[in-house]
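Asks: Sequence below, structure please.
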Amino acid sequence: MGIKVRSLDTPTTPTPTTAPHDAAPRPTPAPTRLDDGDSVARQRSGASPARAAMASTPLAAAFAPGAFGASVASGAKTHASAAPPIDAGATPVFVVANKDYRPATTVVATQPKNEQLGAWLREAPLHFPNTYENTDKQAVRREITAYLQSYAQHYEGFGGFWNRIIDSLVALFTGAHVDTLAAYGIKSQADLAHLSPRQAMALAEQIVMDAATYNDAAIAEDKTGRLTPEAAALADTMDELGADQVLEGSAIVCRNYAEAVIAVFDVLKGMQEPGTSQLNNSYIKYIRSFNEGATHAWTAMFTVQPDGSIMTTQGDATWNDAGLRYATNGDDYTEGKKGVRRYYLDHAVYLHSGSHPLARWLEGLVGLDFVPMNSIGLEVLEARGGVEAVCKTLDALPPSLRADAFVRLAPAAQIAVQALRPIALFMPPKV
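Replies: Presented below is the predicted three-dimensional model:
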């Protein structure tokens, strides 16, 4: 029997399913934050003998998705953030961890040199679902104000003293990060008008996480793997809710979480002091996986810096929801397990910057089992040509793009590719 998995970051071997709001793993697998009900990710309850045998082969090691970037000569693995910036048409895009997201800001409107990328950043998410476009922004503004008032009341006076003690104990036993607003330096209404990009991202996510609950019923399936009629009806209703309705306590799934975060951020952006706003050149974008067998949605924060370069990081309100007031699980989804989140971020940037060959190249790797959640097995990869197949995808790229593509392979895959192709083929062409 197949097991639904929680997100595209889940390893390819079956693991016990634990819902974020549960204190302990459920005794039987059940739908939890699977990503959206657009399609359902499934895993076999046990690996086949052929797959198990493949797992120990050099081919399996070569194509296991891993952190981007490596010391190619030695094969030494480095953290994904060590990869070079995304080259988006003369606009470098620096991908950093949440804790390092402190971009340079200016009150002057600044655009990246790549006009196509700049247009995408400014574009509203007017696509399915309709969470963003159906938002009453004045209502969201009132909800934000009420949220900060309730936060201040929760922690003020004698009662606030005990609330802090209780929250500290809850954090100790649950692993949740409680009072995250204070951790980001957001303590009162006055702070709302002077947010940094990092603060605005954290606050937008926290407001949505504290208001919404995950709608497991909206992803319920029948025996054929299709949504039940009841689930489909719930999803249709859910996808018409505006972010203001989400903040009233609606049950939603990942795509609605993502669009609600964008809507809250846009309202926060409009609440800044015009002459000193640090958010003039910051945007939150909707990122969606497209791998076979599962879909998921989350957000990425982009800030155009004064020199025209871009700094970005990723967040996931769906998976960071600790189910506790003013709390988060505190996980950083910038890279994701084995670099899979970065894979989709890179794809989104390439796709919207005019670097379509690299966007298509990344999509092609899905069919070659480069993404952990891909349902295509290693035996299928070997049947399709294995390492040679990947080499051919690199050969088909324009020479100017090969180096940028090569460094985005898993480290072991880089070594395997080098065994069949001279390294010079993947070096930047000399000018």
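Asks: For the rest of this, base every contact and every neighbour count on C-alpha atoms.
Replies: Will do.
Asks: Just the CA atoms of the strand or helix carrying Arg360, as CSV, please.
Replies: Assessed by DSSP states H and E, Arg360 sits inside helix 356-366. Taking Å, rounded to 0.1, in the frame of the first residue of the first chain, the C-alpha atoms of helix 356-366 are listed here in CSV:
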residue,chain,number,x,y,z
HIS,A,356,15.2,29.1,-21.0
PRO,A,357,17.8,26.5,-22.1
LEU,A,358,18.8,26.0,-18.4
ALA,A,359,15.2,26.0,-17.3
ARG,A,360,14.4,23.2,-19.7
TRP,A,361,17.6,21.4,-18.8
LEU,A,362,16.6,21.4,-15.1
GLU,A,363,13.2,20.0,-16.1
GLY,A,364,14.9,17.3,-18.1
LEU,A,365,16.8,16.1,-15.1
VAL,A,366,13.5,15.3,-13.3
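Asks: Give me the packing partners of it, helices and strands only.
Replies: helix 340-351 (3 or more CA pairs under 8 Å, 6 or more residues apart in numbering; DSSP states H and E).
Asks: returning to that earlier point: so the helix holding Arg360 versus helix 340-351, what angle?
Replies: 150 degrees (axes from the mean of the first three to the mean of the last three CA atoms, to 10 degrees).
Asks: so how far is helix 356-366 from its chain's centroid?
Replies: 18 Å (CA atoms, centre = their mean, to the nearest Å).
Asks: With stretch 114-126 instead?
Replies: Per CA atoms, centre = their mean, the centroid offset for stretch 114-126 relative to its chain is 18 Å.
Asks: Now tell me what touches that stretch from outside.
Replies: Stretch 114-126 is contacted from outside by 88-91, 111-112, 132-133, 259, 283-286, 302, 349, 352-354, using CA atoms under 8 Å, 6 or more residues apart in numbering.
Asks: do you know how far the nearest residue to Ala260 once chain neighbours are set aside is from Leu195?
Replies: Once flanking residues are discounted, Ala260 sits nearest to Ala243: 4.8 Å by CA to CA, 6 or more residues apart in numbering. Per CA to CA, to the nearest Å, Ala243 is found 21 Å from Leu195.
Asks: what's the answer for His352, then?
Replies: Counting by CA to CA, the gap from His352 to Leu195 is 28 Å.
Asks: more crowded one of the two?
Replies: The residue with more neighbours, out of His352 and Leu195, is Leu195; 24 against 19, by other CA atoms under 10 Å.
Asks: okay, the more buried one: pLDDT?
Replies: We have a pLDDT of 96 for Leu195.
Asks: same question, the one 10 residues further on
Replies: Looking at Glu205, its pLDDT reads 96.
Asks: burial count for it?
Replies: 26.
Asks: Secondary structure element holding it?
Replies: Per DSSP H and E, Glu205 falls inside helix 197-211.
Asks: Can you name the next helix or strand after that helix?
Replies: Heading C-terminal from helix 197-211 (DSSP H and E), you reach strand 213-214.
Asks: Which is the succeeding secondary structure element to that next one?
Replies: Beyond strand 213-214 toward the C-terminal end (DSSP H and E), the next one is helix 229-238.
Asks: List the contacts of that following helix.
Replies: Outside helix 229-238, the residues touching it (CA under 8 Å, 6+ apart) are 217-221, 251-252.
Asks: Going by neighbour count, which residues of it are buried?
Replies: For helix 229-238, burial by neighbour count (16 or more other CA atoms under 10 Å) applies to 231-232, 234-235, 238.
Asks: For that helix, the averaged confidence score.
Replies: Here the average pLDDT along helix 229-238 is 92.
Asks: And that helix, how far out from the chain middle?
Replies: 25 Å.
Asks: do the same with stretch 127-139
Replies: For stretch 127-139, the distance to the chain centre is 20 Å (CA atoms, centre = their mean).
Asks: and it, how far apart are its ends?
Replies: Stretch 127-139: ends 21 Å apart by CA to CA.
Asks: Same question for stretch 275-288.
Replies: 34 Å.
Asks: Pull out the buried positions in that stretch.
Replies: 277-288.
Asks: Which pair in these has the greatest spatial separation?
Replies: Maximum pairwise distance among those (CA to CA): 29.0 Å, between Ser277 and Arg288.
Asks: Contacts for stretch 267-275, please.
Replies: Against stretch 267-275 from outside (CA under 8 Å, 6+ apart): 107, 137, 140-141, 192-195, 200, 204, 279-280.
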